[in-house]
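Engineer: attaching a predicted model along with its sequence, questions to come.
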Amino acid sequence: QQQVKQSPQSLIVQKGGIPIINCAYENTAFDYFPWYQQFPGKGPALLIAIRPDVSEKKEGRFTISFNKSAKQFSLHIMDSQPGDSATYFCAASINTDKLIFGTGTRLQVFP
Amino acid sequence: EPEVTQTPSHQVTQMGQEVILRCVPISNHLYFYWYRQILGQKVEFLVSFYNNEISEKSEIFDDQFSVERPDGSNFTLKIRSTKLEDSAMYFCARRGETNYGYTFGSGTRLTVV
């Protein structure tokens, strides 16, 4: 029940495309859902986060869509750029305490 | 946001040796965490540390692991007798009382041979 399932494992898009990464959870006590971006050899960096009282949040080219009834949330990257090529992790927590991470999605954006 | 600095960036150790990984949060944040990431896998929670005490630990964090904040600034993770399966990236993280975002360090790559 503590798991967060993430898909797809990898994703290849062309520049300008809109990659979508999906996550699902079981524990309804989760109340904080962040997305992290990780470049090789670096630590995860917070991209955007959402709480279950809203269905969508946008920050720049990144959008989280949240479906509380389905216990699913997703990350959309608008107008993707080669510099967005990285591994993306969704996560969930209770009271913004320990993070339960998804398995990661390796995104490659080709010019 | 001030960075979280971790040292060393890479450590190679022989199986059975003790290692100490260090983290300097550089702020008055109260909540500190250690996570690890085995190569190519997801990031896993190890332990949380609040008000100079362990507040929660995972199944991974067995008796071989310990954490300390020895001088009020540095935050350390000690592995007493390393095993091959301890090879991973270890990340320190911090968050504040009202800051809903974590800041992760750049990690220490531990290689046990």
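Structural biologist: Received the coordinates, thanks. This is a predicted model, so every value here is computed, not measured. Numbering: from 1, shown residues only, chains lettered A, B, ... in the order given.
Engineer: give me the number of neighbouring residues for the residue in chain B that chain A sits nearest to.
Structural biologist: Per CB to the nearest CB, B:Phe104 is where chain B lies closest to chain A, at 3.6 Å. (Glycine included, C-beta is placed from N, CA and C.) Residues near B:Phe104, counting by other CB atoms under 10 Å in any protein chain shown, number 23.
Engineer: so in terms of bridging, what pairs with it?
Structural biologist: For B:Phe104, the beta-bridge partners under DSSP bridges are B:Ala93.
Engineer: tell me which residues touch it, please.
Structural biologist: Neighbouring residues of B:Phe104 by CB atoms under 8 Å, 6 or more residues apart in numbering or on different chains: A:36, A:43-45, B:4, B:35, B:91-93.
Engineer: return the item of those residues having minimum pLDDT.
Structural biologist: The lowest pLDDT within the contacts of B:Phe104 belongs to B:Val4, which sits at 84.
Engineer: what residues are up against residue 109?
Structural biologist: I went with chain A, as the question did not name one. Going by CB under 8 Å, 6+ apart, A:Val109 touches A:12-15, A:17, A:19, A:80-85.
Engineer: that's the wrong chain, I meant chain B
Structural biologist: B:9-11, B:88-89.
Engineer: ok, back up a step: nearest to A:Ser65, of the contacts of B:Phe104?
Structural biologist: Distance to A:Ser65 across the contacts of B:Phe104 (CB to CB) is lowest for A:Tyr36, with 17.1 Å.
Engineer: what packs against the host helix or strand of the closest one?
Structural biologist: Per DSSP states H and E, A:Tyr36 falls inside strand A:33-38. On a contact count with 3 or more CB pairs under 8 Å, 6 or more residues apart in numbering or on different chains; DSSP states H and E, strand A:33-38 meets strand A:20-25, strand A:45-50, strand A:62-67, strand A:86-92.
Engineer: run through who's touching it.
Structural biologist: Contacts of strand A:33-38 (CB under 8 Å, 6+ apart): A:21, A:23, A:25, A:44-52, A:62, A:64, A:66, A:73, A:75, A:86-93, A:99, A:101, A:104, B:43, B:101-102, B:104.
Engineer: related to what we said a few turns ago, in PyMOL, select just the buried ones from the contacts of B:Phe104.
Structural biologist: Selection of buried members from the contacts of B:Phe104 for PyMOL, criterion 16 or more other CB atoms under 10 Å in any protein chain shown:
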select buried, (chain A and resi 36+43+44) or (chain B and resi 4+35+91+92+93)
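Engineer: can I get the contacts of B:Phe104 in CSV with distance to A:Gln6?
Structural biologist: Below are the contacts of B:Phe104 laid out as CSV (distance: CB to CB, whole Å):
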residue, distance to A:Gln6
A:Tyr36, 11
A:Gly43, 18
A:Pro44, 13
A:Ala45, 17
B:Val4, 25
B:Tyr35, 16
B:Phe91, 18
B:Cys92, 23
B:Ala93, 19
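Engineer: thank you, goodbye.
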